[in-house]
Each structure stands twice: as C-alpha cells, then as structure tokens.
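S.K.: Just a sequence and a predicted model for now, questions to come.
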Amino acid sequence: MHRPPIKFCKQCGSAVVYRIPDDGDTKLRAVCPACHTIHYENPLNVVGTVPCWGDKVLLCKRNIEPRFGLWTLPAGFMELNETTAEGAARETVEEAGAQFVMQELFTLVNVARVGQVHLFYRAQLTSDQFDPGTETIEARLFLESEIPWEEIAFRTTRVTLEQFFADRSKGEFGMHHIDV
Ligand SMILES: [Zn+2]
C-alpha cells in the first residue's frame, strides 16, 4: 500500500528529481528541474463503516488487489467534495450494496508509515439483504465468534473490529484514536 514515488511533473511533464528544496524545507520532495514546481505529498484519508445487524457485523470479501479474497469492513479512499461520513456511506453502498443509517465516528486509525488516516463510523443496517458491487466477492454477516481473524485484509479493519467487540461487551461505544 506504499504510494509509488512521483515520476513526472504535474505542471510540465518533465521527469522530477527527489531533493530537499532550497527554501528552508527539511524533507525530500519531488522537484521539477524544468519549471521548479515542488510536488508536496500528504496523507490520504480512508473512510468506512462498521455495519451492524443485531449481533452481527457485515464484512466484505475483496474481489480486488491488494489482499484479494480476504475480508474487510467496507471502506475506501475519500473523494474530493465529500465529507468523511458521506465517503464512508458511499463506500458502504458501493462495496456491499447495504441499506443502513450512519451513526457516530468510532475509530481514527493513523497508519503513519504509509501516509494514511483511516476513519470508521458505526452504521446500523436496516436490511440484511446486500447487493455487493464489483469490488466485492461476497458481503455477509458475522457473529463475533465467526469473524475470520486469520483472513482479515487490513490491520485497520482488525483493530477497529477488536475495539468494536470490546466496546460492545462493555455496553458502551466510545470514539478511539489508534496508531498502527
Ligand atoms: Zn515541471
């Protein structure tokens, strides 16, 4: 999931070089030797949900790389011009075809080494019928005892599920900041 380095200038198409700019910056940046544009790279947001139906949680089996065939909570990269909650809801519709009511923000997971921040909202399903999109092989509900922990696609999904079941056993859902 590491982001590939920038190769070409977005302004003029020349090949960039990675160097520390001369403006007092302290980090390596992709700098264009032709037009001198500095390309700043910043973290990306991944937004998703923990959809619940009674005692069960909805997981999606991935039909795409990376982690093809493994299970994940519905989530994906946030788009421009949407809020985090709108993005989480969109991903849940796209990947699971689920019907639900959005609830509170549940986890904020920093994945600093790959420059990502993952945000998961709880969601209350209003139907147990799903219509998964092309990115999903299967969308299905799992009891806690049925969660395929050895086949979970991402650590952010794993820690969010662990926190969800821990909170549920206490009878109270909080909002959690986690660094992985
Ligand atoms: Zn350029």
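M.R.: Everything's here; your move. As the structure is a prediction and not an experimental result, all values here were calculated from the model.

S.K.: which element is Val57 on?
M.R.: strand 56-62 (DSSP states H and E).

S.K.: who touches that strand?
M.R.: Surrounding strand 56-62, the residues in contact under the criterion Cβ atoms under 8 Å, 6 or more residues apart in numbering are 50-52, 68-74, 95-96, 98, 125, 130, 132, 135-144, 147-148, 153, 161, 164. Placement of C-beta: from N, CA and C, glycine included.

S.K.: Please spell out the ChimeraX selection for the buried subset of these.
M.R.: Buried residues among the contacts of strand 56-62 (16 or more other Cβ atoms under 10 Å), as a ChimeraX selection:
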select :50,51,52,70,71,72,73,74,95,96,98,125,130,132,136,139,140,141,147,153,161,164
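
S.K.: Strands - which of the contacts of strand 56-62 land there?
M.R.: 50-52, 71-72, 125, 136-142 (DSSP state E).

S.K.: For the ion, state which of the residues you listed is nearest.
M.R.: Nearest to the ion out of the ones in strands among the contacts of strand 56-62 is Thr72 (Cβ to the ion; 37.7 Å).

S.K.: The closest one contacts Arg158, correct?
M.R.: No: Thr72 lies out of contact with Arg158 (Cβ atoms under 8 Å); the separation is 9.5 Å.

S.K.: List the residues that are in contact with both of those two.
M.R.: With Cβ under 8 Å, 6+ apart as the test, Thr72 and Arg158 both reach Ile152.

S.K.: any weak-confidence spans in this structure?
M.R.: 1-2 (pLDDT under 70).

S.K.: Name the nearest residue to the residue nearest in space to the middle of it, ignoring sequence neighbours.
M.R.: Taking Cα atoms, centre = their mean, the centroid of the chain lies closest to Val46, which sits 3.1 Å from it. Of all residues not flanking Val46 in the chain, His118 sits nearest, at 4.4 Å (Cβ to Cβ, 6 or more residues apart in numbering).

S.K.: How about the contacts made by the one you found?
M.R.: With contacts defined as Cβ under 8 Å, 6+ apart, the neighbours of His118 are Asn45, Val46, Val47, Gly48, Ala75, Thr107, Leu108, Val109, Val111, Thr156, Thr160.
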